[in-house]
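> Got a sequence here, can you build the structure:
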Amino acid sequence: MKKLLLTASILLCCSLTNAQDTIVKRNGEQLLSKILEISATEVKYKKFDFLEGPDFIDSKSNIQLIKYSNGTKEEFEAQPADNSSKPKESNTDYYSGHVSANYKIESNGTRFRYKENRINELELHQLLLNTNDQQINLLVRRAKHAKGLQWIGLGGLVVGAVGGVSYVLGEMIQETNMQIFGGICGGVAIAFPVASMVFKHRRNVSNAEAIKLYNEKF
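Prediction:
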């Protein structure tokens, strides 16, 4: 049984390895990719480790050869570099091509769309984190932190309930300290929801800024 599982694992790894194309650039860089289209001057591809991500377009003048998944190779003759079609690069070297407008993230408050499909906030954050962009990742972390602190509003309900009970009992037994404690709890209970609203605003702002940066860079 163990031998069967080992054999299946090896075959699976081999099939995944063989399914990828390799772009060899003239500067020696090698990119594991999935070739989508080759035109007279450009090569369109996806990064193999992020097939759900954007399409990348590179000039043939930057590429020496392509090793296809079926074992064949295609070499390209050296061409004069065309600066107008030179791929863009981000500070993190993640982005190296042009992105179709279909890959822009649309947002309306807490609703998000990507590739014409609705996505939730968790999917949005995963998409943004996959860029490995430091600025975007920082904004995503801020949004997540603010989202966690939003739950402080529920604490206000608990404090308010305890304060209300304490105040009523204090009135019944004429205990001033309990009445004072209940009043303090009431004030805290009001402050908690206000703080929750502040954190919610920070969460929405961080998400909006991260989306804006993504659409500008990618």
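> Which strand residues bridge the closest residue to Y45 other than its chain neighbours?
Taking CB to CB, 6 or more residues apart in numbering as the measure, Y45 lies nearest to S33, with 4.3 Å between them; neighbours along the chain are not counted. C-beta: built from backbone N, CA, C; applies to glycine. As for beta bridges, S33 partners with D21, K47 under DSSP bridges.
> residues in contact with S33?
S33 makes contact with 20-23, 45-48, 56, according to CB atoms under 8 Å, 6 or more residues apart in numbering.
> try it again with 10 Å
Contact analysis of S33 by CB atoms under 10 Å, 6 or more residues apart in numbering lists 20-23, 43-49, 51, 56, 58, 66.
> repeat for Y45
The contact partners of Y45, by CB under 10 Å, 6+ apart, come to 21, 23, 31-38, 55-58, 66, 96-97.
> again, only this time at 7 Å
Counting by CB atoms under 7 Å, 6 or more residues apart in numbering, Y45 makes contact with 23, 33-36, 56.
> I'd like these laid out as JSON lines, including distance to E121 and pLDDT.
Below are those laid out as JSON lines (distance: CB to CB, whole Å; pLDDT from 0 to 100):
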{"residue": "I23", "distance to E121": "34", "pLDDT": "93"}
{"residue": "S33", "distance to E121": "30", "pLDDT": "91"}
{"residue": "K34", "distance to E121": "29", "pLDDT": "91"}
{"residue": "I35", "distance to E121": "33", "pLDDT": "91"}
{"residue": "L36", "distance to E121": "30", "pLDDT": "92"}
{"residue": "F56", "distance to E121": "27", "pLDDT": "89"}
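> buried subset of these?
Neighbour-count burial (16 or more other CB atoms under 10 Å) is assigned, among the contacts of Y45, to 23, 33, 35, 56.
> right, and out of the residues you listed, which lies closest to L149?
Comparing the buried ones among the contacts of Y45 against L149 with CB to CB places F56 closest, at 37.7 Å.
> Tell me both backbone torsions, phi and psi, for that closest one.
Main-chain torsions, F56, degrees, to the nearest 10: phi -110, psi 140.
> What is the neighbour count of R141?
14 (other CB atoms under 10 Å).
> same thing with the one 5 residues further on?
Neighbour count for A146, taken as other CB under 10 Å: 19.
> isn't it right up against H201?
No. Using CB atoms under 7 Å, A146 makes no contact with H201, being 8.2 Å away.
> L128 sits in which helix or strand?
Using DSSP states H and E, L128 sits within helix 121-129.
> got the angle between the helix or strand following that helix and helix 121-129?
Per DSSP H and E, the first helix or strand lying C-terminal to helix 121-129 is helix 134-149. Going by axes from the mean of the first three to the mean of the last three CA atoms, to 10 degrees, helix 134-149 is angled at 160 degrees with respect to helix 121-129.
> Identify all contacting residues around helix 134-149.
Under the criterion CB under 7 Å, 6+ apart, residues 92, 125, 128-129, 199, 202-203, 206-207, 209-210, 213-214 lie in contact with helix 134-149.
> Looking at those residues, which is nearest I105?
Closest approach to I105 among the contacts of helix 134-149 (CB to CB): Y214, at 5.8 Å.
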